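Trainee: Need a 3D model of the following:
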Amino acid sequence: MIKKTKVNSAILIIGNEILSGRTQDTNTSTIATWLNSIGVKVEEVRVIPDIEKTIINSLNFLKTTYDYVFTSGGIGPTHDDITAESVSKAFGLKYEIHKEAYKILEAYYKPGEFNEGRQKMVWMPENANLILNPTSGAPGFSVENVFCLPGVPSILKSMLGGLTNSIVGGDPILSLTISLRTVESEIASSITKIQDNNKDVEIGSYPFFQAGKLGVSIVIRSEDQLKIDDCNSQILEFVNEKKIEVVDR
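Mentor: Numbers count the residues shown, from 1 in each chain. Okay, the predicted model is just below:
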């Protein structure tokens, strides 16, 4: 069996409404979960304002650092939707009307509804590839390794399936969660020892509060199920020795 190359990515969330707290970001979780399932690891997430220079500088760094970059937000019809123009400048491309996107939206809206504001959504970087939108018509787009998606969570989620064939991933990232009735300080040294002996497996611990009691969930992540099973056995060994209760969540 040929081992697939590890593939990484970054997510760039664009929007003042996220930074102000007016809107809760759920798109990071949606994109990251989907990417994990196709073998693309998310290694960085940034949340930035609707400021052209900030978008351009962030894109110039991320697109040369990671295999893929996914942006969310700023491709709608309002004055502060500046992602498409910023992407054009980051790549040194002409910002123009995308003829195919124009046809899609012209057919989508009723006569007279495809007004100047909505026509803004067909302005994109020159020769951008469209990401079709099965929910609300207005497509996203990609340029090289940058994929630009809308900020509305339900619309973004509906568009991801159409991208699967455009992304070349590695082995899907698998995970196993063990939830314990304990506190992190009680298991920290044991977990550290197991992590040190299994460098190519990611082990994280996350406190939770359930039914009035504290607990810790240990999450083991790897592309190799056998390595997950091995770490699971090592964890359960010290859990049994310490007589820690394993709980269902």
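
Trainee: What segments of the chain are strands?
Mentor: 7-14, 40-48, 68-72, 95-97, 123-125, 129-131, 140-143, 146-149, 174-181, 202-210, 213-222, 245-247 (DSSP state E).

Trainee: Of the ones you listed, which is nearest residue 110?
Mentor: Between residue 110 and those, the shortest gap by Cβ to Cβ is with strand 95-97, which sits at 20.6 Å. No exception for glycine: its C-beta is placed from N, CA and C like everyone else's.

Trainee: Residue 186 is in contact with residue 243, isn't it?
Mentor: No. Applying Cβ atoms under 8 Å, one finds residue 186 not in contact with residue 243, separated by 11.0 Å.

Trainee: quick one, domains of this structure?
Mentor: 7-166, 174-247 (automatic domain parsing).

Trainee: okay, residue 186 and residue 243: which has more neighbours?
Mentor: residue 186 (12 against 6; other Cβ atoms under 10 Å).

Trainee: and the gap between the more buried one and residue 10?
Mentor: Counting by Cβ to Cβ, to the nearest Å, the gap between residue 186 and residue 10 amounts to 35 Å.

Trainee: Check residue 131 too.
Mentor: Distance, residue 131 to residue 10, by Cβ to Cβ: 17 Å.

Trainee: got it, and residue 167?
Mentor: Where residue 10 is concerned, residue 167 sits at a distance of 14 Å (Cβ to Cβ).

Trainee: Give me the contact list for stretch 200-220.
Mentor: With Cβ atoms under 8 Å, 6 or more residues apart in numbering as the test, stretch 200-220 has contacts from 175-184, 187-188, 191, 194-195, 221-222, 224, 227-228, 231-232, 235, 247, 249.

Trainee: Check stretch 185-195 too.
Mentor: By Cβ under 8 Å, 6+ apart, the residues outside stretch 185-195 that reach it are 180, 201, 203, 205, 216, 218, 231, 234-235, 238, 242, 244.

Trainee: cutoff 7 Å now
Mentor: 203, 205, 216, 218, 231, 234-235, 238 (Cβ atoms under 7 Å, 6 or more residues apart in numbering).

Trainee: what does stretch 133-152 give?
Mentor: Against stretch 133-152 from outside (Cβ under 7 Å, 6+ apart): 15, 27, 59, 63, 67-76, 83-84, 87, 91, 93, 101, 104-105, 108, 121, 124-125, 128-132, 154-156, 158-159, 163, 166.
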